[in-house]
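1. Generate a structure from the sequence data that follows.
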Amino acid sequence: MIWYVSPKTGDDAHDGKSPATAFASIARAIEKASPGDTILIAPGAYDQDLPARISQARAANITVAVAGS
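-> The predicted structure follows:
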């Protein structure tokens, strides 16, 4: 499963299953993701501690990638 995150257009009330329904926070994507899933983050400014969140996801065997990279 791919989970989408966008700080510009996302909303944590969305389902995170497409770019149009992306989450606003990586924390919400991590809550929903399971081992083997991917979190695809859009470029932008994130309020949360991004490196710590990415480490948390990777420790749970969740891949984190930046959209367009």
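2. Which residue ranges of the protein form strands?
-> Assigned by DSSP state E, the chain shows strands spanning 2-5, 38-41, 63-66.
3. Summarise which helices and strands the last one is packed against.
-> For strand 63-66, the helices and strands in contact under the criterion 3 or more C-beta pairs under 8 Å, 6 or more residues apart in numbering; DSSP states H and E are strand 38-41, helix 50-59. C-beta here means a position set from N, CA and C on the backbone, and glycine is covered the same way.
4. Let's see that with 6 Å instead.
-> Using 3 or more C-beta pairs under 6 Å, 6 or more residues apart in numbering; DSSP states H and E, the elements in contact with strand 63-66 are strand 38-41.
5. Parallel or antiparallel, list what pairs with the strand it packs on.
-> Strand pairing for strand 38-41, using DSSP bridges, gives strand 2-5 (parallel), strand 63-66 (parallel).
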